[in-house]
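Participant: need a 3D model of the sequence below.
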Amino acid sequence: MDIRDLTESYAVSPQISPEDLPAIKAAGYLTVIDNRPDAEIPVELHTETMRAAAEALGLNFVANPVIGGAITLANVELQRETLASSPGPVFAYCASGNRSSIVWALAHAGQRPAEELIAIPAKFGYKLDHLRPQLEALGGS
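Facilitator: Next up, the predicted model:
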């Protein structure tokens, strides 16, 4: 497992397994967001399996499946709402952490400068430059 802290309260990661959840909880995360559609992954990593394992540990779990290249406003809004309502740090995962970074950036457009929303994920190799026009249009310039 490779936890990449974008902020003090939000981290992203490539795909995790149920066995990773105790370490995620021990690291202080209270909410887990699954940004991966079930159609992409083996059945043992499907949303309901991950939800059951997370909730058994007392973690909040939110399924927000993001399809690469087809992120919706609903995806962005659910990510934003989850971040706002979580009682503590949030851990989000997808295939590489990229989609979890993109929805984070879009959820913060207008709240943080676009340059910052691009630079923070870039520290971990996530290239969000293509989002600059959207981030700036949403008030994040």
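Participant: what is the end-to-end distance of stretch 48-67?
Facilitator: Length of stretch 48-67, first residue to last, Cα to Cα, to the nearest Å: 18 Å.
Participant: so what touches it?
Facilitator: 16, 18, 21-22, 24-25, 29-38, 43, 47, 75, 78-79, 82, 86-87, 94, 99-100, 102-103 (Cβ atoms under 8 Å, 6 or more residues apart in numbering). All C-beta atoms are positioned from the backbone trio N, CA, C, and that covers glycine.
Participant: mind running it again at 7 Å?
Facilitator: Residues outside stretch 48-67 that contact it (Cβ atoms under 7 Å, 6 or more residues apart in numbering): 18, 21-22, 25, 30-37, 47, 75, 78-79, 82, 86, 94, 99, 103.
Participant: equivalent analysis for stretch 10-18, please.
Facilitator: 1-6, 36, 41, 45, 49-50, 53, 83, 90-93, 95-97, 100-101, 104.
Participant: pull out the buried members of those residues.
Facilitator: 3-4, 6, 36, 41, 45, 49-50, 53, 83, 90-93, 95-97, 100-101, 104 (16 or more other Cβ atoms under 10 Å).
Participant: keep only those of those residues that are in strands.
Facilitator: When strands are assigned by DSSP state E, the members of these inside them are 4, 6, 90, 91, 92, 93.
Participant: and the strands in the chain?
Facilitator: 4-7, 10-13, 31-34, 60-63, 90-93.
Participant: same list (these) but as CSV, adding mean pLDDT and distance to residue 114.
Facilitator: As requested, those are exported to CSV (pLDDT from 0 to 100; distance: least, Cβ to Cβ, whole Å):
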stretch, mean pLDDT, distance to residue 114
strand 4-7, 97, 15
strand 10-13, 98, 17
strand 31-34, 98, 22
strand 60-63, 98, 26
strand 90-93, 98, 20
